[in-house]
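K.L.:
model this:
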Amino acid sequence: MLVALAACLVGPGSPAQAAVPDSPAVTYTNPIAEKRADPHIFKHTDGYYYFTATVPEYDRIVLRRATTIQGLSTAAEVTIWTKHTSGAMGAHIWAPEIHFIDGKWYVYFAAGSTSDVWAIRMYVLEGTGANPLTATWAEKGQIKTTWESFSLDATTFVVNGVRYLAWAQRNPSENNNTSLFIAKMSNPWTISGTPAELSQPTLSWETVGYKVNEGPALIQHGSKVFMTYSASATDANYCLGMLTASATADLTNPASWTKSSTPVFQTSAATSQYGPGHNSFTVSEDGKSDILVYHDRSYKDITGDPLNDPNRRTRVQKVYWKSDGTPDFGIPVADGVSPQRLSSYNFADRFIRHWEYRARIEANVSPLADSQFRVVTGLAGTGTVSLESANFPGYFLRHRNFEVWVEKNDGTSAFASSASFYRRAGLADSAGVSYESYTYAGRYVRHYNYLLHVQALSTSTDRADATFYAQ
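P.N.:
Numbering: from 1, shown residues only. As a prediction, the model looks like this:
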């Protein structure tokens, strides 16, 4: 608000300047890994990202590492553990997570038994060595909880110096598949105290196909902690819900948590992403952006049991934070290059968005995807770029009568030309970006009365209006 006020008060020769964003744009190409479900990516202090996930054979635990998230796509994969040939830990090896605790590596996973594949329980491996791909691994056994019942998806995290375990388990007194639990830990494979039940599937979107709360994942931002979780059957109905608590609250007290009434991340037919879920969180290479890691499928209809469908893929996209400190996950973005947002240089809280197909700058954009655009090779070629709408694939920012609209590509050369721009260093700040029209040299995308136009520029205010930051 102060930046916007300053912009109103200064004269046309000295526009207000927004600070370079704390969290600049990140660009990834999805999917990160085919046939890898329940993904977990951990960024370690050694400069590597470590990646593990469920393999469709449900028979082993695999690891990859790379210095970038994108690099995990092509990184060599190593099997660090294989299911037992008989007895416990002999079937349904699911949802591994890798963590580094007190100088050692730990992998949490779920497994059934050869005598009962549905006797799913939680287990822990301990690895000794700097590189977990070559570490020596030992079985630390089962994580014991209140009941000997279906339990899975263990995750661990630290808040205010206290280490916790969260997981999903069947409560024998409830008529559902799994609820969410939390407990403090006395060591990396042992909980302490009585577990607290934080959430059970009661809402309509949590009970489609199966009554499920599972796959908890925690992220802290400022004074709040957020626990995402997955709900419903593992088909196109799979989605993410979220619990919220104060970081200073007693996290083992169910009353400390508030459940969102609607899903926070779900299927998007527009982008052909179905059943997003079982997420984890990591951070970007520069440490400035939070990254959502999850799986989904590229098609809706599944033949037979979804558990037998091998085509869940690992995907990543940036988490954006609202002004109230809560996360906005947007929609599962289309395959290919991930989109970004463009904030105004002189109105820091305003982003380029489409509203009834007219392009403008606006604060507090909802839905988030209205302000996300994929920067792709220009439709006109010759070193240009085009900006494709995230939630309307095939629609691009283009100028018409020098006004900027979001419209569907009709395949004509005229459209291609009007939807193509030269990406320049920001005219008011080289750390930003400005977009020069391909068809009208010297005319740039700029905001005027908050609407976007393609205009010639002559003053410092004009140049400020034509400068944006990628986020």
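K.L.:
make it CA atoms for all contacts and neighbour counts henceforth
P.N.:
Fine.
K.L.:
For Ala431, grab phi and psi.
P.N.:
Comment: the main-chain dihedrals of Ala431 come out as phi -80, psi -20, following degrees, to the nearest 10.
K.L.:
pretty sure it is touching Arg424, no?
P.N.:
No - contact status for Ala431 versus Arg424: not in contact, 10.3 Å apart, counting by C-alpha atoms under 8 Å.
K.L.:
mind listing what the residue nearest to the spatial centre of the chain touches?
P.N.:
Geometric centre of the chain, nearest residue: Leu292, 2.0 Å, by C-alpha atoms, centre = their mean. By C-alpha atoms under 8 Å, 6 or more residues apart in numbering, the residues touching Leu292 are Asn279, Ser280, Phe281, Thr282, Val316, Gln317, Lys318, Val319, Phe329.
K.L.:
which one of these is nearest Ile191?
P.N.:
Ser280 (21.1 Å; C-alpha to C-alpha).
K.L.:
so what does the host helix or strand of that closest one touch, helix or strand wise?
P.N.:
Assigned by DSSP states H and E, Ser280 belongs to strand 274-283. Packing partners of strand 274-283 (3 or more C-alpha pairs under 8 Å, 6 or more residues apart in numbering; DSSP states H and E): strand 37-43, strand 213-221, strand 224-231, strand 239-246, strand 290-297.
K.L.:
mind redoing it with 10 Å?
P.N.:
Here strand 274-283 touches strand 37-43, strand 213-221, strand 224-231, strand 239-246, strand 290-297, strand 313-318, going by 3 or more C-alpha pairs under 10 Å, 6 or more residues apart in numbering; DSSP states H and E.
K.L.:
Which one, of these, ends up nearest to Asn401?
P.N.:
Nearest to Asn401, of all the helices and strands packed on strand 274-283, is strand 313-318, at 34.2 Å by C-alpha to C-alpha.
K.L.:
Show me which positions of the closest one end up buried.
P.N.:
Residues of strand 313-318 classed as buried: Arg313, Thr314, Arg315, Val316, Gln317, Lys318 (neighbour count, 16 or more other C-alpha atoms under 10 Å).
K.L.:
Go through those residues and name the one nearest Pro31.
P.N.:
Nearest to Pro31 among those: Arg315, at 4.9 Å, using C-alpha to C-alpha.
K.L.:
you'd agree the closest one is up against Phe281?
P.N.:
No - contact criterion C-alpha atoms under 10 Å: Arg315 and Phe281 do not qualify, at 11.4 Å.
K.L.:
Give me the distance between Val333 and Ala456.
P.N.:
The span separating Val333 from Ala456 equals 34 Å under the rule C-alpha to C-alpha, to the nearest Å.
K.L.:
between these two, which one's more packed in?
P.N.:
When neighbours are counted by other C-alpha atoms under 10 Å, Val333 and Ala456 differ, and Val333 comes out ahead with 24 against 18.
K.L.:
Double-check the more buried one against Pro339; I have them as touching.
P.N.:
Yes - look at Val333 against Pro339 with C-alpha under 10 Å: they come within range, at 7.5 Å.
K.L.:
what's the overlap in contacts for the two?
P.N.:
Residues touching both Val333 and Pro339 (C-alpha atoms under 10 Å, 6 or more residues apart in numbering) are Gln317, Ala369, Gln372, Arg374, Ala390, Asn391.
K.L.:
among the residues you listed, which are in helices?
P.N.:
Of these, none are assigned to helices by DSSP state H.
K.L.:
Just send those residues back as CSV, with distance to Thr156 and pLDDT too.
P.N.:
Listed next are these as CSV, based on distance: C-alpha to C-alpha, whole Å; pLDDT from 0 to 100:
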residue, distance to Thr156, pLDDT
Gln317, 22, 98
Ala369, 31, 98
Gln372, 32, 98
Arg374, 34, 98
Ala390, 33, 98
Asn391, 34, 98
